[in-house]
Structures are given as C-alpha cells and as structure tokens.
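Need a 3D model of the following:
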Amino acid sequence: MNIVILSRGPHLYSTKSLCNAALKRGHRATVVDHTCCNLLMEKKKLTIVYKDQLLENVDAIIPRIGSSVTFQGAAVIQHFELMRVFTVARSYALLQARDKLRCLQKLASYGIDVPRSIFVGQYQDIQELISKVGGLPVIIKITESTHGSGVLLAETFHSANSIIEALHRLKEKVMVQEFVRESAGTDIRVLVVAGKVVASMKRRAKEGEFRSNLHRGASSTIEPLTSRERELAIKATQIMGLDVAGVDLLRSSRGPLILEVNASPGLEGIETTTGVDIAGKIIEFIERKKSTQ
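Reported below is the predicted structural model:
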C-alpha cells in the first residue's frame, strides 16, 4: 500500500514510528506536510498538489495534525475523504475532538461521566459558576488547548475572575472545570485502536505542578485498567467517531471520569513507557480495513 502520513514534523517520534511500522510491513510511507497541500476543485474532480506534484494512488492516510493548524489539516483530510481515500481519523471527528467544549458536550449527552464543567459566557457571577462545579479550587482552560497550555489552576475567586477576564479579552473560549483532588496530579492515558485498548499508562505531574502532561516534565508508568475504565475509554472513542484515539481519564471518588479524547495522540510517551508497538497496530488496522474494501 501507499500510505501518506500527514505531518509537519518528519523527524518527530510519532511520525518516524509510523513510517518504520509501515515499511516493516512492506508498504510505502510518505510524509506530507498538510500545510503545504494545495486543494484543487472542479466539477466531479478533486485533486491535491504537493510540492508541484499530484498526490495520486494513495491507499490510506494517517493524520498527525497539530492544534495550531486544525482547520487546515481537517480540510486536507476531507479532500482525501471525498477522493475515496481511507483515513485513520475522519475530518469531522478531528474537529469535534480538538474542541474540548464540543467533546465534553457530546460525551456527557451520551451518558459518559466527565468532570463537572461550565462554558463561561462574557458576563457571569463567577462565585455562582464555581459553586456549580464544586467550589474552589477550579481548573480554567481554553477549549482548544494542548499539552497543558492554556490550562490554569485558580485557588481564589479573585484569581478565577482575573483569569477569565484576561482570556475573554484575548477572545478565547473559556471553560471552568472541577478540580478532582483525589487524582492528585495524575491521570491515565489510554490508547484505543480499532475498538480495543492496546496500551495504558499513568502520568504523574512533577513536584509543584498540577498538569500531568509529559511535555511538562511528568513521569509515566504502565498502569492496568479496571473493566469499567476500559469500557469507558472504548465507548468514548466510538462516540467521537474515532478509530484511533488517546483517551485521558481521571480516577475520582465517584468513579472514572473522561477528561478528553485526542484524535491525534502522541506515541512516544506511551510506546516507550509500555513497550507496545502502537504504530504497528495502527498499520495492521489499515491493512484489515483495506482488505475488506
């Protein structure tokens, strides 16, 4: 097969891991920077030009889309979809998962347990809002943050109000979310491929930090899941319309809570922590899908 990996970073771990996994299985893997793709449209004919060459005879694509270019990446994915090219992440699913508000709205509406969260309008009684998510402290985040950026902890009403006002002045969309004390700076990252959990790890924030992102110095260890956690991760992935996803969950006193679903999860942390060849499982999934077409 001719597999295209949409990525701006050919030297990034995840991109290289996917390329190597494809090559090991006898496929051709090409890295294409989606921000450099030109999308041509005419009656009953869609084509993609990349570096003055038509992208033709593509069997499947694996999107690795950064948050700063979500719209452009989704447009390229949709072009491939309309050209009848199989994609590991569909365009609508990427857009939906990337927006934390839309993601939580959909999960909650399907009965998935999520942290108590409020999308904040321009003028609100901050104390009243905070009381609705369980009181101080609270997490304040912008709806399209990644790697822990745009995620803040407010321990007083004054700081919460100041943070929200500042973010609104910057035209950001803001959510207030409960602080799950019992998670104690930890979360669980679960990798789901084709409706199955293939790996899971616990991430623990470094000293003095509440965000458990590996990009912020968190540590990670292999972590087994309960049957309930496994079931929730798979269901959340299916609800979001994803075949491959990184699901983040918190362990709370009222049970596991789904924090977010990532449509383009990084592979480095979880592959190196668990030793699982997740890239290989993604390629195997593509092989199975193509064999049935």
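
okay, how far is it across stretch 90-108, tip to tip?
21 Å (CA to CA, to the nearest Å).

Just the residues contacting it, thanks.
63, 65, 67, 70-71, 73-75, 77-78, 81, 114, 117, 119, 141, 143-145, 173, 175, 236, 239-242, 245, 258, 260-264 (CB atoms under 8 Å, 6 or more residues apart in numbering). In this view, the C-beta of every residue, glycine as well, is placed from N, C-alpha and C.

how far does it sit from the chain's center?
Chain-centre distance of stretch 90-108: 9 Å, with CA atoms, centre = their mean, to the nearest Å.

Flag every buried residue along that stretch.
90-91, 93-98, 100-101, 103-104, 106-107 (16 or more other CB atoms under 10 Å).

And residue 265, how close does it get to residue 163?
28 Å (CB to CB, to the nearest Å).

Restricted to helices, list the buried residues of stretch 90-108.
91, 93-98, 100-101, 103-104, 106-107 (DSSP state H).

where do the helices sit along this protein?
13-24, 70-82, 91-98, 100-109, 126-132, 157-169, 227-239, 268-274, 278-291.

quick one: the third one to helix 100-109, angle?
So that's helix 91-98. 100 degrees (axes from the mean of the first three to the mean of the last three CA atoms, to 10 degrees).

What sits closest to residue 103 if chain neighbours are left out?
residue 97 (5.4 Å; CB to CB, 6 or more residues apart in numbering).

Find me the pLDDT at that neighbour, would you?
Residue 97 carries a pLDDT value of 94.

Run a quick neighbour tally on residue 21.
By the criterion of other CB atoms under 10 Å, residue 21 has 22 neighbours.

So it is in contact with residue 277, correct?
Yes. Using CB atoms under 8 Å, residue 21 is in contact with residue 277, at 6.8 Å.

For the residue most central in space within the chain, give its distance to residue 236.
Closest to where the C-alpha atoms of the chain average out (CA atoms, centre = their mean) is residue 262, at 1.5 Å. Computed as CB to CB, the residue 262 to residue 236 distance reads 11 Å.

Next: residue 75.
26 Å.

And these two? Which one has more around it.
Ranked by neighbour count (other CB under 10 Å), residue 75 and residue 236 place residue 236 first, with 28 against 14.

what's the burial count for the closest residue to the more buried one other than its chain neighbours?
Excluding the flanking residues, the one nearest residue 236 by CB to CB, 6+ apart is residue 258, at 5.0 Å. Per other CB under 10 Å, the neighbour tally for residue 258 reads 25.

My guess is residue 258 contacts residue 113. True?
Yes. In this structure, residue 258 is within contact of residue 113 by CB under 8 Å, at 6.7 Å.

Find the residues that touch each one of these two.
residue 232.

Look up the residues forming beta bridges with residue 200.
Counting by DSSP bridges, residue 200 forms beta bridges with residue 190.

ok, it - contacts?
By CB under 8 Å, 6+ apart, the neighbours of residue 200 are 188, 189, 190, 191, 222, 223, 224, 225, 274.

what about the residue sitting furthest away from the middle of the chain, distance to residue 75?
Distance from the C-alpha centroid of the chain, by CA atoms, centre = their mean, peaks at residue 43 (34.4 Å). Separation of residue 43 from residue 75 (CB to CB): 19 Å.

show me where pLDDT drops low in the chain?
123, 145-148, 208, 210, 212-216 (pLDDT under 70).

how does it divide into domains?
According to automatic domain parsing, the chain is divided into the following domains: 2-89, 96-111+184-263, 117-179.

Reformat these as a markdown table; add distance to residue 281.
A markdown table is the format used below for the domains of the chain (distance: least, CB to CB, whole Å):
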| stretch | distance to residue 281 |
| --- | --- |
| domain 2-89 | 8 |
| domain 96-111+184-263 | 5 |
| domain 117-179 | 23 |
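
Point out the most buried one among those.
domain 96-111+184-263 (a mean of 19; mean count of other CB atoms under 10 Å).

quick check, distance from that domain to the centre of its chain.
Taking mean C-alpha positions (CA atoms, centre = their mean), domain 96-111+184-263 and its chain are 9 Å apart.

Can you give me the first-to-last residue distance of it?
9 Å.

picking that back up, what's the distance between the residue nearest to residue 236 and residue 15?
Counting by CB to CB, the gap from residue 258 to residue 15 is 27 Å.

can I assume residue 88 is in contact with residue 60?
Yes. In this structure, residue 88 is within contact of residue 60 by CB under 8 Å, at 7.2 Å.

List the residues that are in contact with both of those two.
residue 286.
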